[in-house]
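> Kindly generate the corresponding structure for this input.
(chains A and B)
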Amino acid sequence: MNRRRRLQVLTECGMLLATALALANFKIFQLPGGGSVSLGVLPLLLIAARHGAVTGLISGLLMGLLLLTMRPYIVHPLQFLLDYPLAYASLGIAGFFEWNSGLKAAAATTLANFIRLHLHVIAGAVFFVADQNSLTKMLAASYAYNLGHILPETIICAVLAGYLAINHQALCARQS
Amino acid sequence: MQITYSPADSALYRLNPFIKGLGTLFIILLFSVTMQGLFSLFFSLVLTILLAILFKVELKPILISIEKIWLLLLLVGIIQGFSTGNFNPESLLIAVIRIIGVFVTSGIFVTISSQSELMYFWEQSFRPLNLFGFQARELALVMVISVRFLPVILGELDRIRMAQMARGARFSHGVGLKAVKSLMPLLIPTLSLAIIRAEDLALAMEARGYCVSRQRTRYNHFSIGFFDIFVCGIMLGTILAYVLQIRF
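Have a look, this model is predicted:
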């Protein structure tokens, strides 16, 4: 990649991250359990689709670090790593596939969100339990809590990604 | 009430950002990893809060935010308290104090660090990545752009929302797929405008001679003062004392 193109990719990642942060504040609906559903992850998925998985992973990492200043919620060092940088970095996985058909885009988005769900679940449960018996209980509680806000987000993102791939191919085609 | 940066003037605020981050990490590890008894954990928590008050940190939002983690505290407390079969109040209290300690410490870090100080901290922390071929400066540039342009994008989002509403669009209308569909007129202009703006920014930076890989000067300078060295000394001393206590 030449220098000029590289700078363009960097500024684009910065702008789309800013959009992601802006959309993360724009709540679609609030859940009774405390979580909320927003479209904050969609621009990140778009970065991954446009520039590949590696750029998507790194942008996700940075998004996690930036979100820390907006809503700090740290109860354990490993929970911080899993909940902020790694959970958002996992969205870059959507970039392993080119979004050239609606179904493919929706599948890639769902896969990325599926992995993100598991990182959140592990972050919520594993470090606070003492023995095998309580681990299963804690995991079940963590699944119930995290599914509550990630499931609607995944469905919305998958529908939007499919729509983008069909009707706005120029927006999400791989830039080489 | 949200935990955000609230400016004040004290020695803690004037610390070098990197030392601030390091100190936060140190206290978090102290709470979460080390094997301490109930008394010393409680003492550490009280000391952290006392120091925060002495250095004029706005603690109210952090203490109010603890109610956001009540569910976690309750679950962990119950599970740890009954872990040996019968009720054990000491392990319950230890688990709860550990979590509150980490939460309060990280909240204090966010309260005392401004956005540019955090950028500096992350940039310094990314430095070892240079060994693996990542440019720490590039990552920092992406973060700086996103922080600088967040207000612009927020304004743009609002402008597009108003414009589409004037054309008769109705947002958050309907349920399920219909609600998602109603967001389209807002989402697509925002995303494509962000991409167009990024191209313009790249051109503007290039026209002014910007080059990613070159060394450049900083807008904010952070120096290392006497208090920074003092804090480092305290951290080293604590680690030494802890290691000695385990060995002997």
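
> Can you pull out the low-pLDDT segments for the chain?
In the absence of a named chain, chain A is used. A:1, A:30-35, A:130-131 (pLDDT under 70).

> that's the other chain; I wanted chain B
Chain B contains residues with pLDDT under 70 at B:1, B:83-84, B:172-176.

> Check it for the residue nearest chain A and tell me.
Closest residue of chain B to chain A, C-beta to the nearest C-beta: B:I145 (2.8 Å). C-betas here are computed from N, CA, C, even on glycine.

> Tell me which residue is most central in chain B.
Nearest to the geometric centre of chain B sits B:V110, at 5.2 Å (C-alpha atoms, centre = their mean).

> that older thread, give me the element the residue of chain B closest to chain A is part of.
helix B:136-166 (DSSP states H and E).

> The residue lying closest to B:F42 once chain neighbours are set aside sits in which helix or strand?
Leaving aside its chain neighbours, B:F42 sits nearest to B:I97 (6.0 Å; criterion: C-beta to C-beta, 6 or more residues apart in numbering or on different chains). Element membership of B:I97, judged by DSSP H and E, is helix B:89-112.

> same check, this time on B:L47
Counting by DSSP H and E, B:L47 is found in helix B:38-54.

> I'd like to know how many residues surround B:I100.
A total of 19 residues lie near B:I100 under the criterion other C-beta atoms under 10 Å in any protein chain shown.

> Correct me if wrong: it contacts B:S44.
No: in this structure, B:I100 is not within contact of B:S44 by C-beta atoms under 8 Å, at 10.9 Å.

> Can you report how many residues neighbour the residue nearest to B:F42?
B:I97 has 18 neighbours, counted by other C-beta under 10 Å.

> do the same with B:S106
23.

> Next, the closest residue to it other than its chain neighbours: secondary structure please.
Spatially, and ignoring its direct neighbours in sequence, B:S106 is nearest to A:I74 (3.9 Å; C-beta to C-beta, 6+ apart). Following DSSP: H, G, I helix; E, B strand; the rest coil, A:I74 is assigned to coil.

> how close does the residue nearest to B:F42 sit to B:G85?
From B:I97 across to B:G85, the span is 22 Å (C-beta to C-beta, to the nearest Å).

> repeat for A:H149
Distance of A:H149 to B:G85, given as C-beta to C-beta: 35 Å.

> Quick check on these two: which one has the bigger neighbour count.
Neighbours per residue (other C-beta under 10 Å) separate A:H149 from B:G85, with A:H149 holding more: 20 against 6.

> what's the helix or strand for the more buried one?
Using DSSP H and E, A:H149 maps to helix A:132-167.

> Check which helices and strands that helix sits against.
Judged by 3 or more C-beta pairs under 8 Å, 6 or more residues apart in numbering or on different chains; DSSP states H and E, the packing partners of helix A:132-167 are strand A:36-38, helix A:42-51, helix A:102-125, helix A:169-172, helix B:70-81, helix B:177-182, helix B:184-207.

> any chance of the ones you listed in CSV, plus distance to B:G225?
Listed next are these as CSV, based on distance: least, C-beta to C-beta, whole Å:
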stretch, distance to B:G225
strand A:36-38, 41
helix A:42-51, 39
helix A:102-125, 37
helix A:169-172, 49
helix B:70-81, 38
helix B:177-182, 53
helix B:184-207, 34
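
> now those as JSON lines including mean neighbour count and distance to B:F230?
Shown next, in JSON lines, are the helices and strands packed on helix A:132-167 (neighbours: other C-beta atoms under 10 Å in any protein chain shown; distance: least, C-beta to C-beta, whole Å):
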{"stretch": "strand A:36-38", "mean neighbour count": "18", "distance to B:F230": "42"}
{"stretch": "helix A:42-51", "mean neighbour count": "27", "distance to B:F230": "41"}
{"stretch": "helix A:102-125", "mean neighbour count": "20", "distance to B:F230": "35"}
{"stretch": "helix A:169-172", "mean neighbour count": "14", "distance to B:F230": "53"}
{"stretch": "helix B:70-81", "mean neighbour count": "18", "distance to B:F230": "34"}
{"stretch": "helix B:177-182", "mean neighbour count": "14", "distance to B:F230": "55"}
{"stretch": "helix B:184-207", "mean neighbour count": "17", "distance to B:F230": "40"}
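
> wait, which of those is closest to A:L78?
helix A:102-125 (7.5 Å; C-beta to C-beta).

> That closest one to helix B:70-81, inter-axis angle?
50 degrees (axes from the mean of the first three to the mean of the last three C-alpha atoms, to 10 degrees).

> now helix A:102-125: how far from the chain's centre is it?
Averaged C-alpha coordinates place helix A:102-125 at 8 Å from its chain's average position (C-alpha atoms, centre = their mean, to the nearest Å).

> re the thing from before, tell me the angle of the helix holding A:H149 relative to helix B:184-207?
Going by the same axes, to 10 degrees, helix A:132-167 makes 80 degrees with helix B:184-207.

> quick check, distance from stretch B:179-188 to the centre of its chain.
Taking C-alpha atoms, centre = their mean, one finds stretch B:179-188 lying 31 Å from the centre of the chain it belongs to.

> okay, how far is it across it, tip to tip?
Stretch B:179-188 has an end-to-end distance of 15 Å (C-alpha to C-alpha, to the nearest Å).

> quick one: it near chain A?
Yes: interface with chain A: stretch B:179-188 contributes B:A179, B:V180, B:L183, B:M184, B:L187, B:I188 (C-beta under 8 Å from any C-beta of the partner chain).

> count of neighbours near B:R161?
B:R161 has 17 neighbouring residues, counting by other C-beta under 10 Å.

> That one against B:L186, yeah?
Yes: in this structure, B:R161 is within contact of B:L186 by C-beta under 8 Å, at 5.8 Å.

> what is in contact with the two at once?
Common neighbours of B:R161 and B:L186 (criterion: C-beta atoms under 8 Å, 6 or more residues apart in numbering or on different chains): B:F171.

> Contacts for stretch A:156-176 next, please.
With contacts defined as C-beta under 8 Å, 6+ apart, stretch A:156-176 is touched by A:9, A:28, A:37, A:39, A:41-42, A:45-46, A:49-52, A:94, A:98-110, A:113, B:177, B:180, B:183-184, B:187-188, B:191-192, B:195.
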